[in-house]
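**Student:** sequence plus the predicted model coming up.
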There are 2 protein chains.
Amino acid sequence: MDTNDLPGNVLDPNCPSRVVFQRIGDKWASLVIQVLGDGPVRFSELRKMVNVVTPKVLTQTLRALERDGLITRTVYAQVPPRVEYELTALGESLLQPLTMLRQWAESHVPTILEARDAYDDAQDEALLRSPN
Amino acid sequence: MDTNDLPGNVLDPNCPSRVVFQRIGDKWASLVIQVLGDGPVRFSELRKMVNVVTPKVLTQTLRALERDGLITRTVYAQVPPRVEYELTALGESLLQPLTMLRQWAESHVPTILEARDAYDDAQDEALLRSPN
DNA sequence: AGACAACGGTATCCATTGGATACTGATAGC
DNA sequence: GCTATCAGTATCCAATGGATACCGTTGTCT
């Protein structure tokens, strides 16, 4: 088996696609990007909108997104400070696939939640029958 | 500000969309789903294909996907055991948005990697200039 | 008969990450 | 002075992720 032959192989750890799934995979990153879809937002606003993320984690997320060229960080020389985060063109281009995913989410989440309940119930029953 | 008014609001922690982003966000889940796109795969194969995931973590991932009704787990009464994982209809429906994301990934990853290098270089220089 | 191999996991342990809480630095307004 | 605002750090602890070792079942080999 040679996984390297598959076109655009997500499976190869060296495959660049993983880079993206790492970023999207980040618990907050995709949320932040979607929030920024409506225009620049400053740190404290972001913190309120993405309830509820701690400042440390939000900073980490934003730095990572900035590093990947998906957002820009603009500091205005004011007091109290004002820092705005904004999507780059690259970041905006990610908006569309992300939206598709969100649409899938919105239409299928009820099914997922049902499946979860069913699964958990089945587990509970199995527990009752087993020698515990 | 009332975030609940936004349609299909990903920002509300109670919003079901987060459920999905949690799942996709899982480091291995989206990879597994894409692997299963070509048909049922057994545990050890999956392990080889998604290099390199430890058995514990793969099991956790698979259980979570099963719980959410995205895959099924079929045990064949054989020795040595044979367990196959397969996408459900729901899981298959997720394939398309995931593919869009992967396509985005494949076309933009070079840009991201460049951005990373540039960012890291800038950081290094900043370090040199600062009083360390 | 005994040893070994195949498969699908668990069990155990440790490193890394995530999150809660408290705190800082600069300055404008009172 | 004292306080408030904003954008973060610093510190600490809990949860997660990952490496490694091990288990149970049974067929095959010797």
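**Tutor:** Noted; the coordinates are in hand. Everything numeric in this text was worked out from a predicted model, so none of it was measured.

**Student:** which residues of chain A lie near DNA strand C?
**Tutor:** Within chain A, the positions near DNA strand C by CB under 7 Å from any atom of the strand are A:26-28, A:52-57, A:60, A:79-81. Backbone N, C-alpha and C define where each C-beta goes, glycine included.

**Student:** so for residue A:54, what's the pLDDT?
**Tutor:** The score at residue A:54 is 95. That number is its pLDDT.

**Student:** which strands or helices does the helix ranked longest in chain A pack on?
**Tutor:** Counting by DSSP state H, the longest helix found in chain A is helix A:89-129. In terms of contacts (3 or more CB pairs under 8 Å, 6 or more residues apart in numbering or on different chains; DSSP states H and E), helix A:89-129 is packed against helix A:29-36, helix B:17-25, helix B:55-67, helix B:89-129.

**Student:** return the most buried member of those helices.
**Tutor:** Burial among the helices and strands packed on helix A:89-129, expressed as mean neighbours by mean count of other CB atoms under 10 Å in any protein chain shown, is greatest for helix A:29-36, which shows a mean of 23.

**Student:** quick check: angle from that helix to helix A:55-67?
**Tutor:** On the basis of axes from the mean of the first three to the mean of the last three CA atoms, to 10 degrees, helix A:29-36 is oriented at 80 degrees to helix A:55-67.

**Student:** any idea how far helix A:29-36 is from the chain center?
**Tutor:** 7 Å (CA atoms, centre = their mean, to the nearest Å).

**Student:** swap in stretch A:119-129?
**Tutor:** Relative to the centre of its chain, stretch A:119-129 is centred 32 Å away, using CA atoms, centre = their mean.

**Student:** just how off-centre is the longest helix of chain A within its chain?
**Tutor:** Mean C-alpha position of helix A:89-129 versus that of the full chain (CA atoms, centre = their mean) differs by 14 Å.

**Student:** likewise stretch A:42-53?
**Tutor:** Distance of stretch A:42-53 from its chain centroid, counting by CA atoms, centre = their mean, is 15 Å.

**Student:** buried residues in that stretch?
**Tutor:** Judged by neighbour count using 16 or more other CB atoms under 10 Å in any protein chain shown, the buried positions of stretch A:42-53 are A:43, A:46-47, A:49-50, A:53.

**Student:** hmm, it in reach of chain B?
**Tutor:** Yes. Applying CB under 8 Å from any CB of the partner chain, one finds stretch A:42-53 in contact with chain B at A:48-52.
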